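> what shape does this take:
(chains A, B, C and D)
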2 protein chains.
Amino acid sequence: MKQEACPIYGIRGGHDITGEKILRLEKFIEILKDCDVFADVSHDLLRDIVISGRIEKYSSKELVRRRGQNCDELLFLLQGEAVGLFVNSEGQVLQIDHMVAPKLLASAVIFSSEAKYPVDVETITESVFLSIDKDTFIDFLMQDKDLLRNYLRHVSDAFLFITDKFYEISMKNLVQKVCSYLTKLSQEQKTVEVTMDMTKEELAREFGVTRPALSRVFLELEKLGIIQMKGKKVNIKNHRYIRDYAEFH
Amino acid sequence: MKQEACPIYGIRGGHDITGEKILRLEKFIEILKDCDVFADVSHDLLRDIVISGRIEKYSSKELVRRRGQNCDELLFLLQGEAVGLFVNSEGQVLQIDHMVAPKLLASAVIFSSEAKYPVDVETITESVFLSIDKDTFIDFLMQDKDLLRNYLRHVSDAFLFITDKFYEISMKNLVQKVCSYLTKLSQEQKTVEVTMDMTKEELAREFGVTRPALSRVFLELEKLGIIQMKGKKVNIKNHRYIRDYAEFH
DNA sequence: AGGCGTCTGTAACCTATGTTACAGAAATCA
DNA sequence: TGATTTCTGTAACATAGGTTACAGACGCCT
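Residues are numbered from 1 along each chain as shown, chains lettered A, B, ... in the order given. Just a heads-up that it's a prediction; the model follows:
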């Protein structure tokens, strides 16, 4: 749980920034440009934003932030992968989000006067984060109408994402969750022979259930001839059943 | 499920607004002033906002909006009480929020390009709503920095509220939920002899469990001598136990 | 005071999911 | 290639909470 936080960009002006640092700076700016929040933002503004921030590096499976921890910053995942988790006192885990760089975190809470991290953030692979003081960032936001609009859209999307997740988790049983997941895959991949985009173990975490319970459901659906499995591939034999069960009964 | 929507304030300028309508207009403005979102907003701007809106009246227990329904408006509860609900295909209910006028609804989603209502909205008592076109409102927002700041704080608070709820519902068992609820009451009322602020029936809906299940838990806690009940009053005998169980095991 | 709707306690029974454990398969690494 | 780690299937058993049903208590209306 080592946290190597190095404020390499603390100095405004350029006379003591080495060539290597400028290169890194440029790389980070390029990464941010791929974030849809910064789609239309000028290079200069992006540089200002990055310069005002602080880089944090983590190895795999490290805890980056804890749910309930004070959040006075905006956090970007610049490189690597991380997950957002609910973990309770019994060690039960519910995976809220699997994030791949470049990705903005904690975006929806920064305007609150008592902003807290809503989830634990944990790396999966080695990762690099950029932390930006929230007041500084809000100043940037208020200066650039495009950025503000992008950001607000992002916040609303985050809200819709979390309420959807909430509904899925709390109002559906496990069979419905599985059918819902398979339907989503089938839509994305435009075929009835889908390839799972995560392991069953991770899927169980996303559903907030135990792995054997999830395994049971897949096996039952296979026994009923509704799907057929081969490694990571799922052949949806009875697409109608899967689709209907996901939404209705 | 009657929906009596009457656009009484569609006309700008005053020559054909009767005295009664002006009175009503003023009343609504006063109501909005009590909303913390509009705390520092000028009377004139508030009038513009109200005038741009549309009034909807509902009797008790009516469905006002449905989860998933397109949301191209901002909705205020001006008078009455309403609840936000998740309802699934089996008729299972989870009450997300109990709202009392004056209260702003659907505030967090309006910036999204595909904004949907995140919950069903249902009246409890006879109620009056004010609906404002979201693009119109966003224009108002962008003109008034104070309003924008208030609004953004509101959005972040809504996000924190829903993620907290999510955690409570999905990561705690029923005993923990009850202990958590009693702890909250005890803090609010600054006593160990608390008065429940809703019926057990409603509480069961808020916890997303059946009433008998909730009843069972209260009875068990009483049997163990941890609480003692008398109507709506709960005497917390073992405050330590309740507090600890709410958070930890 | 009587009547009606809502709230509450209670009980028997059911079911989905959790728990634990183990062994085989697959993927990754060295 | 073999060694390790991670993933997966499977099974026996435990348990929290759901389901249904009924009767008594409470509050409110007229």
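> what does chain A put close to DNA strand C?
A:90, A:92, A:173-175, A:208-210, A:212-213, A:216-217, A:231-232 (Cβ under 7 Å from any atom of the strand). For the C-beta atoms, the positions are set from N, CA and C on the backbone; glycine is no exception.
> mind giving me the PyMOL command for buried ones among these?
In PyMOL, this line selects whichever of the residues of chain A next to DNA strand C come out buried by 16 or more other Cβ atoms under 10 Å in any protein chain shown:
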select buried, chain A and resi 92+175+208+209+217
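> check the residues of chain A next to DNA strand C against DNA strand D, which are close?
A:212, A:216, A:232.
> would you tell me which helix is longest in chain A?
helix A:145-171 (DSSP state H).
> give me the next element, helix or strand, following that one.
helix A:174-189 (DSSP states H and E).
> any idea which helix or strand comes after that following helix?
Following helix A:174-189 toward the C-terminus (DSSP H and E): strand A:193-195.
> touching DNA strand D at all, that next one?
No - Strand A:193-195 does not reach DNA strand D (Cβ under 7 Å from any atom of the strand); its nearest approach is 11.5 Å.
> what lines up beside that strand in the sheet?
Strand A:193-195 pairs in its sheet with strand A:233-236 (antiparallel), by DSSP bridges.
> name the residues of the partner strand that come out as buried.
A:234, A:236.
> using CSV, write out every CA atom in it.
What follows is strand A:233-236, C-alpha atoms only, in CSV (Å, rounded to 0.1, in the frame of the first residue of the first chain):
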residue,chain,number,x,y,z
LYS,A,233,-17.7,-17.7,-25.4
VAL,A,234,-21.4,-17.9,-24.7
ASN,A,235,-23.7,-19.1,-27.5
ILE,A,236,-27.2,-17.7,-26.8
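> is that strand anywhere near DNA strand D?
No - if you take Cβ under 7 Å from any atom of the strand as the test, strand A:233-236 misses DNA strand D, and the best it gets is 10.0 Å.
> after that strand, heading C-terminal, what element do we hit next?
Downstream of strand A:233-236, the next assigned helix or strand under DSSP H and E is helix A:239-247.
> worst-scoring helix or strand of chain A, pLDDT-wise?
Least confident helix or strand of chain A, by mean pLDDT, DSSP states H and E, is strand A:4-6 with a mean of 35.
> ok, and the closest non-adjacent residue to residue A:114?
residue B:160 (7.8 Å; Cβ to Cβ, 6 or more residues apart in numbering or on different chains).
> all helices for chain A, in order.
A:19-33, A:43-51, A:134-143, A:145-171, A:174-189, A:200-207, A:211-223, A:239-247.
> possible to save the ones you listed as CSV with mean pLDDT and distance to residue A:121?
Below are these laid out as CSV (pLDDT from 0 to 100; distance: least, Cβ to Cβ, whole Å):
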stretch, mean pLDDT, distance to residue A:121
helix A:19-33, 83, 18
helix A:43-51, 91, 20
helix A:134-143, 92, 16
helix A:145-171, 95, 14
helix A:174-189, 96, 23
helix A:200-207, 96, 15
helix A:211-223, 95, 23
helix A:239-247, 90, 29
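> close to DNA strand D: what parts of chain A are there?
Counting by Cβ under 7 Å from any atom of the strand, the residues of chain A that sit close to DNA strand D are A:199-202, A:211-212, A:215-216, A:218-219, A:229, A:232.
> residue contacts, the residue sitting nearest the centre point of chain A?
Centroid check for chain A by Cα atoms, centre = their mean gives residue A:99 as the closest residue, at 3.0 Å. Taking Cβ atoms under 8 Å, 6 or more residues apart in numbering or on different chains, we find residue A:99 in contact with A:77, A:81-84, A:105.
> any idea of the pLDDT on residue A:7?
Among the per-residue scores, residue A:7 holds a pLDDT of 37.
> re the thing from before, looking at the helices of chain A, which is closest to residue B:48?
helix A:145-171 (20.8 Å; Cβ to Cβ).
> can you pull the buried residues of that closest one?
By neighbour count on 16+ other Cβ under 10 Å, the buried set for helix A:145-171 is A:147-148, A:150-160, A:162-163, A:165-171.
> before we move on, back to that, ok, so of the ones next to DNA strand D among the residues of chain A next to DNA strand C, who is nearest chain B?
residue A:212 (19.4 Å; Cβ to the nearest Cβ).
> the closest one and residue A:200, how far apart?
In this view, residue A:212 and residue A:200 are 10 Å apart by Cβ to Cβ, to the nearest Å.
> which residue packs closest to residue A:109, ignoring adjacent ones?
residue A:115 (4.3 Å).
> JSON lines for the helices of chain A, including distance to residue B:33?
Shown next, in JSON lines, are the helices of chain A (distance: least, Cβ to Cβ, whole Å):
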{"stretch": "helix A:19-33", "distance to residue B:33": "41"}
{"stretch": "helix A:43-51", "distance to residue B:33": "37"}
{"stretch": "helix A:134-143", "distance to residue B:33": "25"}
{"stretch": "helix A:145-171", "distance to residue B:33": "25"}
{"stretch": "helix A:174-189", "distance to residue B:33": "44"}
{"stretch": "helix A:200-207", "distance to residue B:33": "44"}
{"stretch": "helix A:211-223", "distance to residue B:33": "52"}
{"stretch": "helix A:239-247", "distance to residue B:33": "43"}
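> out of those helices, nearest to residue B:143?
That would be helix A:145-171 among the helices of chain A, by Cβ to Cβ, at 11.9 Å.
> among the contacts of residue A:99, which two are most distant?
A:81 and A:105 (12.4 Å).
> circling back: quick check, nearest of the residues of chain A next to DNA strand D to DNA strand C?
Nearest to DNA strand C out of the residues of chain A next to DNA strand D is residue A:212 (Cβ to the nearest atom of the strand; 3.9 Å).
> ok, the closest residue to residue A:36 other than its chain neighbours - contacts?
Distance criterion Cβ to Cβ, 6+ apart; nearest residue to residue A:36, sequence neighbours excluded, is residue A:150 at 6.9 Å. By Cβ under 8 Å, 6+ apart, the contact set of residue A:150 is A:36-41.
> please redo it, this time with the cut-off set to 7 Å
A:36-37, A:39 (Cβ atoms under 7 Å, 6 or more residues apart in numbering or on different chains).
> does residue A:25 touch residue A:50 like I think?
Yes - applying Cβ atoms under 7 Å, one finds residue A:25 in contact with residue A:50, separated by 6.1 Å.
> these two: who's more crowded?
residue A:50 (22 against 17; other Cβ atoms under 10 Å in any protein chain shown).
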